[in-house]
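Participant: Sequence first, then the predicted structure, then my questions.
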There are 2 protein chains.
Amino acid sequence: MGVTKSEIFTDYQNELAVVSRVFGHPARIAILQHLIKTQNCVCGDLVEVIGLAQPTISQHVRELKNLGLIKGNIEGTRVCYCIDAVRWGEIKKLFGDFLDQQVSASEECC
Amino acid sequence: MGVTKSEIFTDYQNELAVVSRVFGHPARIAILQHLIKTQNCVCGDLVEVIGLAQPTISQHVRELKNLGLIKGNIEGTRVCYCIDAVRWGEIKKLFGDFLDQQVSASEECC
DNA sequence: TAAGTATATCGTAATATTGCGATAAAACAA
DNA sequence: TTGTTTTATCGCAATATTACGATATACTTA
């Protein structure tokens, strides 16, 4: 197999999982952190800052784009990326709804 | 390749990625939701509730255990699971620190 | 002891992910 | 036009993940 059975889960469960998966690689975390830090939309120097090959960075960037988390703007030969603040807010809420739940332990076991 | 180059990333980036990966499957989200809802540590009926085979559930449960998110208690032939509230809090903070950042868009592009 | 129940582990097939060299595409510069 | 720069895509090898049947393990009950 090797293929997730998405159809047996709720939309919420699938969405949270898909977003988490994108966060599930340190290079993508690093790209987001760098875009947040250097507000003014840095682009190709991600390769230099992160230390992976250019095609690899491009692939990670594409996944972030597919999720709507970042958007790019062509400027000559370069592409300038920045974070989509609206989508960021949506995802923040998605995780907040999940993580802010009360997880009081039962006294029956554990 | 197919192997993540963890050594070039910070501990924070790696930790957030590892935790995100565990959240990156709807079955594991469903397991956590069910454990939160039925506070009193349900165990084997996860198989019934979720609808994946028993070995598959056991595998997902193990990943949650490895991350420290849930803990199990043997009760006869059964194992009673519940969420580790302390670890849950740590992970909540991990995501909070990341997602609560200010992501104001630059005006230079995008 | 023998049979039953619940969970974990093994082994494996199908598929997905990661990383990168090679190359294409697109815009600019001479 | 030709060469340069920057980014995207293709194709592939190495590895990881997902799912589950078969089986092992551990405890309970008859």
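Facilitator: Nice, I can see it. This one's a predicted model, so the numbers in the text were calculated from it and none came from an experiment.
Participant: Just give the closest residue to residue A:15, not the sequence neighbours.
Facilitator: Distances taken as Cβ to Cβ, 6 or more residues apart in numbering or on different chains place residue A:94 nearest to residue A:15, at 6.6 Å, with adjacent residues excluded. For every residue, glycine as well, the C-beta is placed using N, CA and C.
Participant: So the residue in chain A that DNA strand C sits nearest to, which state does it fall into?
Facilitator: Minimum separation of chain A from DNA strand C (Cβ to the nearest atom of the strand) falls at residue A:2, amounting to 2.1 Å. Following DSSP: H, G, I helix; E, B strand; the rest coil, residue A:2 is assigned to coil.
Participant: what about it, neighbour count?
Facilitator: When neighbours are defined as other Cβ atoms under 10 Å in any protein chain shown, residue A:2 has 3 of them.
Participant: The residue nearest to residue A:64 when sequence neighbours are not counted: how many residues sit nearby?
Facilitator: Once flanking residues are discounted, residue A:64 sits nearest to residue A:70: 4.7 Å by Cβ to Cβ, 6+ apart. Residue A:70 has 23 neighbours, counted by other Cβ under 10 Å.
Participant: Next: residue A:59.
Facilitator: Neighbours around residue A:59, by other Cβ under 10 Å: 12.
Participant: next one: residue A:89
Facilitator: Using other Cβ under 10 Å, residue A:89 is surrounded by 12 other residues.
Participant: Next: residue A:8.
Facilitator: Residues near residue A:8, counting by other Cβ under 10 Å: 14.
Participant: Look at the nearest residue in space to it that is not next to it in sequence and report its pLDDT.
Facilitator: Residue nearest to residue A:8 in three dimensions, not counting chain neighbours: residue B:51, with 4.9 Å by Cβ to Cβ, 6+ apart. Here the pLDDT value assigned to residue B:51 is 95.
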